[in-house]
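Undergrad: need coordinates for the following:
(2 chains)
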2 protein chains.
Amino acid sequence: MARPSRLTDEEVQRRLGTLAGWELKDGKLRRTFVFKDFAEAFAFMTDVAREAEALNHHPEWSNVYNRVTMDLVTHDPPGLTALDFELARKAETSALRRQ
Amino acid sequence: MARPSRLTDEEVQRRLGTLAGWELKDGKLRRTFVFKDFAEAFAFMTDVAREAEALNHHPEWSNVYNRVTMDLVTHDPPGLTALDFELARKAETSALRRQ
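TA: Below you'll find the predicted structure:
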């Protein structure tokens, strides 16, 4: 896969505007998802893990019972790239099915 | 399942002594596991998620690529109980198979 380019601040803001519920936090894309229970939260994580492997782009994330917080960022090049927004969109799609 | 009792500090220390790599951190049992890659780390999380559901006792945990950090604590009663050590042992068993 071609190495993605770092997005400009303007492009990050434009793309953020198309994603409900996500914010910029310490230079990363962040969202917390809340599910019915642990089983649903982990089913969501399993979906996202599969997408992350397919993209070869992985989230930083944490889970406490029914809550999953994701932080998306690219290390090479450092910053936000199209891959972060692509993984965010995949997560949205999975979460919508499960909430 | 019977509600577990909060363990005394002495009992926590005794049990900690039987678990390699775990420490007490902010009143919780903590360990970071390191795997070969994301796929192995997430396979471990899938094992632990199944055990957590079986015990009805869930970890607070985070994952960044090949690293998984687990924090185990009981909310009712607040503190550490036998369930925390049981889930720690299940995690150990799974990690040993995958490292």
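Undergrad: and the closest residue to residue A:77 other than its chain neighbours, how many neighbours?
TA: Nearest non-adjacent residue to residue A:77, counting by C-beta to C-beta, 6 or more residues apart in numbering or on different chains: residue A:6, 4.7 Å away. Bear in mind the C-beta positions are built from the backbone N, C-alpha and C, glycine included. Residues lying near residue A:6 (other C-beta atoms under 10 Å in any protein chain shown) number 14.
Undergrad: tell me the contacts of residue A:21?
TA: Listed by C-beta atoms under 8 Å, 6 or more residues apart in numbering or on different chains, the contact partners of residue A:21 are residue A:31.
Undergrad: so how far is residue A:61 from the residue nearest to residue A:77?
TA: Applying C-beta to C-beta, to the nearest Å, the value for residue A:6 to residue A:61 is 22 Å.
Undergrad: do the same with residue A:38
TA: Residue A:38 sits 15 Å away from residue A:61, going by C-beta to C-beta.
Undergrad: buried ones in whatever helix or strand residue A:70 lives in, by neighbour count?
TA: Using DSSP states H and E, residue A:70 sits within strand A:67-72. Going by neighbour count (16 or more other C-beta atoms under 10 Å in any protein chain shown), the buried part of strand A:67-72 is A:68, A:69, A:70, A:71, A:72.
Undergrad: which among those gets closest to residue B:28?
TA: residue A:69 (17.6 Å; C-beta to C-beta).
Undergrad: spell out the secondary structure type for the residue nearest the centre of chain A.
TA: What sits nearest the mean C-alpha location of chain A, by C-alpha atoms, centre = their mean, is residue A:88, with 3.3 Å. Put simply, residue A:88 is helix when judged by DSSP: H, G, I helix; E, B strand; the rest coil.
Undergrad: give me the below-cutoff pLDDT ranges for chain A.
TA: A:1-2 (pLDDT under 70).
Undergrad: now whichever residue of it sits closest to chain B: how far from residue B:34?
TA: Nearest residue of chain A to chain B, counting by C-beta to the nearest C-beta: residue A:62, 3.7 Å away. Per C-beta to C-beta, residue A:62 is found 17 Å from residue B:34.
Undergrad: higher neighbour count, the two?
TA: Using other C-beta under 10 Å, the more surrounded residue of residue A:62 and residue B:34 is residue A:62, with 18 against 12.
Undergrad: which residues sit in contact with the more buried one?
TA: So residue A:62 contacts A:68, A:69, B:60, B:61, B:62, B:63 (C-beta under 8 Å, 6+ apart).
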